[in-house]
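Participant: Got a predicted model here, sequence first, then my questions.
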Amino acid sequence: MKNIILIGFMGTGKTVISKSLAKEFNAAYVSTDSLIEKQEGMAIKDIFSLKGESYFRQIEKCVIKEVCAKSGQIIDTGGGAIIDPENFGVLKENGIIICLWATPEVILKRTQGSKNRPLLNVENPLSRIIDILEKRREHYEKADFHIDTTSGDITDIVARILKLLDSIFPRRMNDEKGVKLWSSLLTRLLRSSDAPVMIINLSGKVLFANDSAKNIFCGGIDHCLRRYWWNLIDSEDKGATIENNFKKIILLKMPFKMDLISRCNNKEEIVHWFFTPINKRNKIFMLAVRRSNEDKTKKIIDTFSDVNGEILDILFSSSHNSEPDTARHSLRVMALAVALAKKIKMSDEKIETLKMSALFHDIGKLVVAQDILFKDGELNEVEKVEMKQHPAWSADMIRPVSFLASILPVVASHHENYDGTGYPNGMKGQDIPDGARIISIVDMYDALTTDRPYRKARDKKSAIEIMKEARGIKLDPELTDIFLEMLISNEIE
Ligand SMILES: [Fe+2]
């Protein structure tokens, strides 16, 4: 689960509401102020008076970074934490931000008598509250959601937050869209794996096979699906012996190894297979991986500890026809992005990150409503809001997959514009990760040269002209020049 972060002025109920939410979600409750007090060995008011506010803010920044390295927590932040843009960026990147607010009069009532509120230790605390609230207004407004805690008891407020989270979390695992998203992520990970992978049901039929398995089976992928896997292998070993062995072993629900001779295109090869049972909600499947790659692939499956039977069903039933447009677009963006990255001599390590980022950058689009995604015309303001959520949704899905952590900043910022007019954070120029600036360029080119519901694909020449216009505004000017030059010289198509 993504972190849920509560921000807001003192006296808006952050602590008590955070604790209640933590109970509801069975999640860890973390208070950044408490961590600071523990670390410094003194109360916040003493840190302010003995060491000063700027010292406190420095410590706060470090604590926020540390806390945000983990997920699935309910985080209660200090009232002024989000004024620092870096803090806000880290929090935004790692959770859903809910801002609690209340009227100044109520805040005063709730904070009166507390000795641990250094900022309100003045003659006229009400005007101080009004003053600070006004100064912080623009920062609080950047939160994902706002909840007024002026009236209603804690139970009501918590219920309102839970309802809100229910309605805006299409990515929650129980939700149909979330299931679709997860299955798509898993499919793409398995497909992009260079390890040949099959998923087999208990009777031995192949439910899923990735592209890398092509080299092993003579008939190609489509030929494999829903057939008994031992019949796919042109081997002297095939037939009753393998079938019997498989059925005996599968009853034990234990991992096992099997070496088979495979002949394809007159080439003979010994293929070492490793079969691992996947047991999800009483549905058992066998994951068959070529043995040299077993660790890598098992890691992918293990990552999806929350994958349930329903997701596996969707994955297997639509393993070759799911979301072909987004998948095609992602592969095309990946190829162009890598070409541009190689041209600017990006390091191999960064190119690997870029590849994965390109593959998953738009995965969040799968939860955008179909009628918005394929609308035959311009989106209205409400539709735009939903569409603009997709980079954050892509990032949400990727976040729990630890080995994809490096691609998060690129995926989350692939719709930021060079001049700062993009979304979700209005990042500008070189602050936008270079991978995201590359994806933005090739993404635009692919979009222009592809048929859309509301217009035909443009030819290369007119696409180049449009991209020249976007140079320095939406797109990084230097990278755009290099990319357009590659197109003009036919280095890429
Ligand atoms: Fe996108």
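Facilitator: Happy to help now that I have it. Because the structure is a prediction, the values reported are computed rather than measured.
Participant: now the residue most central in space within the chain: how far from Glu349?
Facilitator: When CA atoms, centre = their mean is applied to the chain, the residue found nearest the centroid is Ala395 (2.2 Å). Distance of Ala395 to Glu349, computed by CB to CB, to the nearest Å: 21 Å. From N, CA and C alone the C-beta is placed, and that goes for glycine too.
Participant: Same check on Leu448?
Facilitator: According to CB to CB, Leu448 and Glu349 sit 30 Å apart.
Participant: Would you state the helices of the stretch 201-350 of the chain in chain order?
Facilitator: 220-224, 240-252, 294-303, 309-317, 324-343, 348-360 (DSSP state H, counting those that start in this stretch).
Participant: Least reliable of the ones you listed by average pLDDT, please.
Facilitator: Lowest mean pLDDT within these: helix 309-317, at a mean of 54.
Participant: re the thing from before, quick one: which of Leu448 and Glu349 has more around it?
Facilitator: Leu448 (20 against 9; other CB atoms under 10 Å).
Participant: re earlier: surely the residue nearest to the centre of the chain meets Ala412?
Facilitator: Yes. Assessed by CB atoms under 8 Å, Ala395 is found in contact with Ala412 at 4.2 Å.
Participant: Can you check which residues contact both of those two?
Facilitator: Residues touching both Ala395 and Ala412 (CB atoms under 8 Å, 6 or more residues apart in numbering) are Glu93.
Participant: Quick check: which element contains the residue nearest to the centre of the chain?
Facilitator: helix 390-398 (DSSP states H and E).
Participant: packing partners for that helix?
Facilitator: Packing contacts for helix 390-398, counted by 3 or more CB pairs under 8 Å, 6 or more residues apart in numbering; DSSP states H and E, involve helix 176-192, helix 348-360, helix 408-412.
Participant: would you list the ones you listed in a markdown table and tack on distance to Leu91?
Facilitator: A markdown table is the format used below for these (distance: least, CB to CB, whole Å):
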| stretch | distance to Leu91 |
| --- | --- |
| helix 176-192 | 23 |
| helix 348-360 | 22 |
| helix 408-412 | 13 |
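Participant: so where's the longest strand in this protein?
Facilitator: As assigned by DSSP state E, the longest strand anywhere in the chain is strand 267-280.
Participant: so what does it touch, helix or strand wise?
Facilitator: Counting by 3+ CB pairs under 8 Å, 6+ apart, the packing neighbours recorded for strand 267-280 are strand 256-264, strand 283-290, helix 294-303, helix 309-317.
Participant: do that again at 6 Å, thanks
Facilitator: Other helices and strands packing on strand 267-280, by 3 or more CB pairs under 6 Å, 6 or more residues apart in numbering; DSSP states H and E, are strand 256-264, strand 283-290.
Participant: pretty sure Ile216 is touching Pro196, no?
Facilitator: Yes. Under the criterion of CB atoms under 6 Å, Ile216 makes contact with Pro196 at 5.3 Å.
Participant: and these two? which has more neighbours close in?
Facilitator: In terms of neighbours (other CB under 10 Å), Pro196 is the more surrounded of Ile216 and Pro196; the figures are 22 against 19.
Participant: Next, give phi and psi for the more buried one.
Facilitator: Per-residue torsions, Pro196: phi -60, psi 130 (degrees, to the nearest 10).
Participant: wait, doesn't it sit right on Ala213?
Facilitator: Yes. Using CB under 6 Å, Pro196 is in contact with Ala213, at 4.1 Å.
Participant: Pop the domain breakdown of the protein in here.
Facilitator: Structural domains annotated on the chain: 3-168, 176-317, 324-488, as defined by automatic domain parsing.
Participant: lowest-confidence helix or strand of this protein?
Facilitator: helix 309-317 (a mean of 54; mean pLDDT, DSSP states H and E).
Participant: Could you give the backbone dihedrals for the residue nearest to Pro477 when sequence neighbours are not counted?
Facilitator: Counting by CB to CB, 6 or more residues apart in numbering, Pro477 lies nearest to Arg471, which is 4.9 Å off, once chain neighbours are set aside. Backbone torsions for Arg471, taken as degrees, to the nearest 10, come to phi -60, psi 120.
Participant: Please apply the same query to Gly11.
Facilitator: phi 80, psi 10.
Participant: shouldn't it be in contact with Ile107?
Facilitator: Yes. Using CB under 6 Å, Gly11 is in contact with Ile107, at 4.0 Å.
Participant: The two - which one has more neighbours?
Facilitator: Legend: neighbour count by other CB under 10 Å for Gly11 and Ile107, higher for Ile107 (27 against 22).
Participant: give me every residue that touches that one.
Facilitator: Residues near Ile107 by CB atoms under 6 Å, 6 or more residues apart in numbering: Phe9, Gly11, Ile129.
Participant: buried ones in the strand or helix carrying it?
Facilitator: Using DSSP H and E, Ile107 maps to helix 104-111. Within helix 104-111, the residues that count as buried by 16 or more other CB atoms under 10 Å are Pro104, Val106, Ile107, Leu108, Thr111.
Participant: Can you tell me which of the helices and strands packed on helix 390-398 is packed in deepest?
Facilitator: Mean neighbours per residue, mean count of other CB atoms under 10 Å, is largest over the helices and strands packed on helix 390-398 for helix 408-412, with a mean of 25.
Participant: Ala22 looks like it's in a strand, true?
Facilitator: No. Assigned with DSSP: H, G, I helix; E, B strand; the rest coil, Ala22 falls outside any strand and is helix.
Participant: so where do the strands sit in the stretch 51-200 of the chain?
Facilitator: 73-76, 95-101, 145-148, 197-200 (DSSP state E, counting those that start in this stretch).
Participant: Any idea which of these has the lowest pLDDT on average?
Facilitator: Across the strands of the stretch 51-200 of the chain, the lowest-scoring stretch is strand 197-200, with a mean of 78.
Participant: which helices and strands sit right next to whichever strand or helix holds Ser34?
Facilitator: Remark: Ser34 resides in helix 32-40, with elements defined by DSSP H and E. Under the contact criterion of 3+ CB pairs under 6 Å, 6+ apart, helix 32-40 touches helix 53-68.
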